[in-house]
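>>> A predicted structure for the sequence below; I have some questions about it.
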Amino acid sequence: MTGRGVELVVCANAEAAARAAAERLVDAVRAGGAIALSGGSTPRRSFELAAQLEPSWAKASAWWGDERCVPPHDARSNYRLAREALLDRLARPPEVHRIRGELPAEEAAAAYEEELGELRLDLALMGLGPEGHTASLFPGAPTLDERVRRVVAAKPGLEPWVDRVTLTLPALSASREVLFLVTGEAKADAARRAFAEEPTRDVPASLLRSSEGRTVAILDAAAARDLSG
Ligand code: 6PG
């Protein structure tokens, strides 16, 4: 099934979607890829399954698509999510490039942009907010217009109401694969707007497609409810 420039993979339930995403993560790991991890709650199960499928991530490097400006041990930290669900479960961890959320947003963004350099990601794992944001690119935000910088500071568009650091559309769309993982009925409207309707600044995920590679959206049936077969 295809949406607007997106290969849609609809799975029966959230567990099957998590496993499908884990398999794609592991393919990128085994190819020695540079992988940008997403945050929030959806990817947790996929991280756990990926660690079971492939305990050695030594060939890969782990990056983040965005981070909340909180310390790495904070329950809201995207790094903490990945550390608990993935990194601490690996026999051989990847090179880890954490966004330093403990710093002020502008400083953390500048530092990460330096670290990321011109690196082209092999896989960018993306979530989808119920109102259509992805990474920390929020509806109508000025960050959507950034065409030069690869990492910027961002103001939150929904909870947690903390400053953010986010990769920009140029950085994310340069990825060889953009992989959305979307589950739950609460995401059905956003999924339709992101993957099946005209791109719009009101729905940042509708603006994100891999410019030269693949864009894939893995959804469970609930999130795919409004996407035609
Ligand atoms: C973040 C994420 C964000 C997330 C969506 C979906 O920092 O919050 O990067 O883009 O993917 O908000 O979050 P859930 O998976 O919790 O629904």
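Structure received.
>>> Ala171 touches Leu119, doesn't it?
No - using C-beta atoms under 8 Å, Ala171 is not in contact with Leu119, being 9.1 Å away. Just so you know, the C-beta spots here come from the backbone N, C-alpha and C atoms, and that holds for glycine as well.
>>> these two: which is more packed in?
More neighbours surround Ala171 than the other of Ala171 and Leu119, with 25 against 15 (other C-beta atoms under 10 Å).
>>> quick one, phi psi at the more buried one?
phi -70, psi -40 (degrees, to the nearest 10).
>>> can you tell me the closest non-neighbouring residue to it?
Arg150 (3.7 Å; C-beta to C-beta, 6 or more residues apart in numbering).
>>> wait, Pro204 touches Ser136, no?
No - if you go by C-beta under 8 Å, Pro204 and Ser136 don't touch, sitting 9.4 Å apart.
>>> residues from the chain in reach of the ligand?
Listed as neighbours of the ligand in the chain under the rule C-beta under 6 Å from any ligand atom: 38-42, 65-66, 68, 78, 127-129, 133-136.
>>> what residue ranges in the protein score low on pLDDT?
229 (pLDDT under 70).
>>> and the closest residue to the ligand within the chain, how many neighbours?
As assessed by C-beta to the nearest ligand atom, the ligand sits closest to Gly127 within the chain, at 2.0 Å. For Gly127, the count of nearby residues is 22 (other C-beta under 10 Å).
>>> please, a PyMOL command that selects the buried ones among the residues of the chain next to the ligand?
The PyMOL selection below is limited to those of the residues of the chain next to the ligand classed as buried (16 or more other C-beta atoms under 10 Å):
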select buried, resi 38+39+42+65+66+68+78+127+128+129+133+134+135+136
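>>> return the list of helices and strands in contact with the helix ranked longest in the chain.
When the chain is parsed with DSSP state H, its longest helix is helix 14-30. On a contact count with 3 or more C-beta pairs under 8 Å, 6 or more residues apart in numbering; DSSP states H and E, helix 14-30 meets strand 7-11, strand 34-37, helix 43-53, strand 123-126, strand 177-182, strand 214-220.
>>> strands paired with the second one, and their directions?
Under the criterion DSSP bridges, strand 34-37 sits next to strand 61-64 (parallel), strand 123-126 (parallel) in its sheet.
>>> the first one: what's the following helix or strand?
Proceeding C-terminally, strand 61-64 gives way to strand 66-68 as the next helix or strand, assigned by DSSP states H and E.
>>> distance between that next one and the chain's centre?
Taking C-alpha atoms, centre = their mean, to the nearest Å, one finds strand 66-68 lying 10 Å from the centre of the chain it belongs to.
>>> this completes my enquiry, with thanks.
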